[in-house]
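Chemist: No sequence on hand, only this structure:
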Ligand code: GLC
């Protein structure tokens with residue numbers, strides 16, 4: 001008990017120390033404060049990393065930091081600088097930013113991917129920004145901030161960017177490789193689950209944040225249509241359980257026309273062998289990606305857990321995902337909650353998909369490493385589904401090691417027993433994620449900040465689509 005209290009106080013102090021100031025205003029948190037390695041860009045505030053800190057601050061009377069963060073990142077979104085460097089449309093939010101201090105002159109420098117290793121596009125940032133804005137409004141009741149003209153403009157720019165007409169047949173968003181938490185080449189280009197789950201939550205957030213009026217009515221119509229089409233598409237085509245696996249196993253291919261059952265022309269031979277035995281009798285999950293003749297069967301944790309919290313999946317599917325996690329606990333949670341994806345890719349596949357990335361060797365980093373930040377996503381999903389015993393179990397595992405190991409960024413190995421080879425210590429989202437998970441476990445209603453109820457409007461659309 002005493003160690004537990006000490007762990008919590010220590011982590012609070014560490015989180016406070018990670019706060020970045022812009023002049024005298026707190027605006028974010030650094031990604032990591034590991035004195036033993038070169039900072040690279042870990043001394044910056046990453047939008048996706050700040051989400052965990054934001055939720056902790058909102059729950060602990062520090063909404064001012066979140067408000068400042070939202071204001072400053074919004075100002076970066078519309079800066080001309082961005083337009084110089086990037087050819088992406090307005091609405092894109094930076095992956096990260098840092099404060100530059102030159103004497104008494106302070107300014108922010110943002111990275112939209114033009115400095116990042118591999119020049120990856122941070123598609124998730126604008127989606128997270130909307131989700132954080134909604135959480136801020138929920139926690140503080142300060143809808144006035146969202147209703148300010150610059151915020152309304154920012155929301156509309158994001159919507160325009162995400163809902164624009166493009167060369168694509170699906171309601172999902174098409175993105176380049178490494179466009180989210182997995183920000184390196186990992187064969188996650190196309191229509192990766194994580195982006196779709198964040199998109200679903202972001203659209204719901206935008207819907208709540210639009211100022212009532214004529215413009216809102218137009219956007220509501222478009223948003224509702226997209227939410228309906230998106231959940232239909234994901235539930236219908238990404239869902240995998242034993243029954244569906246059996247169907248795919250016996251699929252005929254080369255079907256043409258509207259009556260095709262195997263719509264994406266998935267060849268049964270492309271089913272990896274591990275899935276056969278790994279899929280439990282009772283359980284299921286959303287696959288990692290889908291496009292013509294390509295179904296990525298890997299289990300991606302953040303996408304599945306956000307699909308539960310955002311109600312992208314039905315209540316029944318949410319239970320089945322949690323049952324799968326329970327039955328495959330050793331593989332997915334093991335010695336540190338939890339694996340970013342399962343299983344790791346190896347050999348020739350690793351060479352082709354990662355481009356021989358030495359950081360993403362099997363069971364390390366993005367390629368099957370265990371990331372403690374995912375603890376709070378697991379706890380949030382467990383609360384939503386009433387599976388508190390799983391949240392408790394995961395918390396106990398994390399609590400045993402995190403502080404002693406120095407709050408690592410990730411763990412390596414088949415079951416996550418080793419601190420990651422190139423892992424940073426004192427990683428902020430590990431620290432904030434732990435505090436958030438602990439707090440939500442003690443006060444489950446706090447998970448409402450990041451959860452969405454199943455929406456009747458979306459259901460209407462589903463019924464309409466099913467009539468076709
Ligand atoms: C790594 C992670 C990325 C994270 C960043 C800062 O690049 O892959 O998701 O945002 O570190 O922590």
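Modeler: Structure received. Note that the coordinates shown come from a computational prediction; the quantities given were computed from them, not determined experimentally. Numbers count the residues shown, from 1 in each chain.

Chemist: residue ranges of the helices in the stretch 351-468 of the chain, please?
Modeler: 374-385, 388-401, 428-442, 456-467 (DSSP state H, counting those that start in this stretch).

Chemist: export those to CSV and tack on mean pLDDT?
Modeler: As requested, the helices of the stretch 351-468 of the chain are exported to CSV (pLDDT from 0 to 100):
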stretch, mean pLDDT
helix 374-385, 98
helix 388-401, 98
helix 428-442, 98
helix 456-467, 62
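
Chemist: Ok, which of the ones you listed comes nearest the ligand?
Modeler: With CB to the nearest ligand atom as the criterion, the ligand lies closest to helix 428-442 of these, at 6.5 Å. C-beta: built from backbone N, CA, C; applies to glycine.

Chemist: check contacts around the closest residue to the ligand within the stretch 1-150 of the chain.
Modeler: Proximity of the stretch 1-150 of the chain to the ligand (CB to the nearest ligand atom) peaks at residue 31, 3.8 Å away. By CB atoms under 8 Å, 6 or more residues apart in numbering, residue 31 lies in contact with 41-46, 49, 96, 424, 427-429.

Chemist: which among the residues you listed end up buried?
Modeler: Among those, those that count as buried by neighbour count (16 or more other CB atoms under 10 Å) are 41-42, 44-46, 49, 96, 424, 427-429.

Chemist: which one of the residues you listed is nearest residue 241?
Modeler: Nearest to residue 241, judged by CB to CB, of the buried ones among the contacts of residue 31 is residue 429 at 31.3 Å.

Chemist: correct me, but that closest one touches residue 54?
Modeler: No: Residue 429 is beyond contact range of residue 54, at 10.5 Å (criterion: CB atoms under 8 Å).

Chemist: how about residue 299, phi and psi?
Modeler: phi -90, psi 120 (degrees, to the nearest 10).

Chemist: And it, how far from residue 61?
Modeler: 37 Å (CB to CB, to the nearest Å).

Chemist: Who has more neighbours out of these two?
Modeler: The neighbour count for residue 299 versus residue 61, taken as other CB atoms under 10 Å, is higher for residue 299 (26 against 8).

Chemist: Chain neighbours aside, what residue packs nearest to that one?
Modeler: Counting by CB to CB, 6 or more residues apart in numbering, residue 299 lies nearest to residue 342, which is 4.6 Å off, once chain neighbours are set aside.

Chemist: just residue 25 next, same as before
Modeler: residue 68 (5.2 Å).

Chemist: Give me the contacts around the helix or strand harbouring that neighbour.
Modeler: Applying DSSP states H and E as the criterion places residue 68 in helix 63-77. Contacts to helix 63-77, defined as CB under 8 Å, 6+ apart, come from residues 19, 22, 25-28, 45, 47, 50, 53-54, 57-58, 82, 90-94, 97, 108, 110, 126, 129, 132-133, 135-136, 139-140, 142, 145, 150-151, 154, 157.

Chemist: Just the closest of the buried ones among the contacts of residue 31 to residue 337, please.
Modeler: residue 429 (13.6 Å).

Chemist: contacting residues for the closest one?
Modeler: By CB under 8 Å, 6+ apart, the neighbours of residue 429 are 31, 49, 51-53, 373.

Chemist: cool, residue 439 as well?
Modeler: So residue 439 contacts 56, 59-60, 446 (CB under 8 Å, 6+ apart).

Chemist: Among those, name the ones in helices.
Modeler: 56, 59 (DSSP state H).

Chemist: thought residue 94 was touching residue 110?
Modeler: Yes: at 3.7 Å, residue 94 and residue 110 qualify as touching, with contact defined as CB under 8 Å.

Chemist: what about residue 272, how many neighbours?
Modeler: Residues near residue 272, counting by other CB under 10 Å: 14.

Chemist: Now do the contacts for residue 91.
Modeler: 77, 126, 154, 157-162.

Chemist: Would you list the buried entries among these?
Modeler: Buried among these by 16+ other CB under 10 Å: 77, 126, 154, 157-159, 161-162.

Chemist: So which of those residues is the closest to residue 397?
Modeler: residue 126 (33.4 Å).

Chemist: Wasn't that closest one part of a helix?
Modeler: Yes: under DSSP: H, G, I helix; E, B strand; the rest coil, residue 126 falls within a helix.

Chemist: State the distance from it to residue 103.
Modeler: 33 Å.

Chemist: Could you do residue 213 as well?
Modeler: 45 Å.

Chemist: Compare these two and say which is more crowded by neighbours.
Modeler: residue 213 (9 against 5).

Chemist: what's the single longest helix in this structure?
Modeler: From DSSP H, the single longest helix across the chain is helix 214-233.

Chemist: Tell me the gap between that helix and the middle of its chain.
Modeler: Relative to its parent chain, helix 214-233 has a centroid offset of 21 Å by CA atoms, centre = their mean, to the nearest Å.

Chemist: cool, stretch 294-301 as well?
Modeler: With CA atoms, centre = their mean, you get 15 Å for stretch 294-301.

Chemist: How about that stretch and the ligand, touching?
Modeler: No: shown here: stretch 294-301 not in contact with the ligand (CB under 6 Å from any ligand atom), separated by at least 13.0 Å.

Chemist: Then stretch 89-103?
Modeler: No: with CB under 6 Å from any ligand atom as the criterion, the ligand is not reached by stretch 89-103; the gap is at least 7.1 Å.

Chemist: Show me which residues of that stretch are buried.
Modeler: 90-99.

Chemist: Stretch 436-443 now?
Modeler: 436-441.

Chemist: which of these are close to the ligand?
Modeler: Contacts with the ligand are made by none of the buried residues of stretch 436-443, judged by CB under 6 Å from any ligand atom.

Chemist: so where's the stretch 201-350 of the chain shaky on pLDDT?
Modeler: Of all residues in the stretch 201-350 of the chain, none has pLDDT under 70.

Chemist: Going along the chain, name the helices of it.
Modeler: 214-233, 242-249, 273-278, 301-309, 315-327, 329-332, 347-354.

Chemist: Save those as JSON lines, and put in distance to residue 184 and mean neighbour count too.
Modeler: JSON lines is the format used below for those (distance: least, CB to CB, whole Å; neighbours: other CB atoms under 10 Å):
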{"stretch": "helix 214-233", "distance to residue 184": "26", "mean neighbour count": "17"}
{"stretch": "helix 242-249", "distance to residue 184": "29", "mean neighbour count": "14"}
{"stretch": "helix 273-278", "distance to residue 184": "23", "mean neighbour count": "12"}
{"stretch": "helix 301-309", "distance to residue 184": "15", "mean neighbour count": "26"}
{"stretch": "helix 315-327", "distance to residue 184": "25", "mean neighbour count": "19"}
{"stretch": "helix 329-332", "distance to residue 184": "21", "mean neighbour count": "18"}
{"stretch": "helix 347-354", "distance to residue 184": "7", "mean neighbour count": "14"}
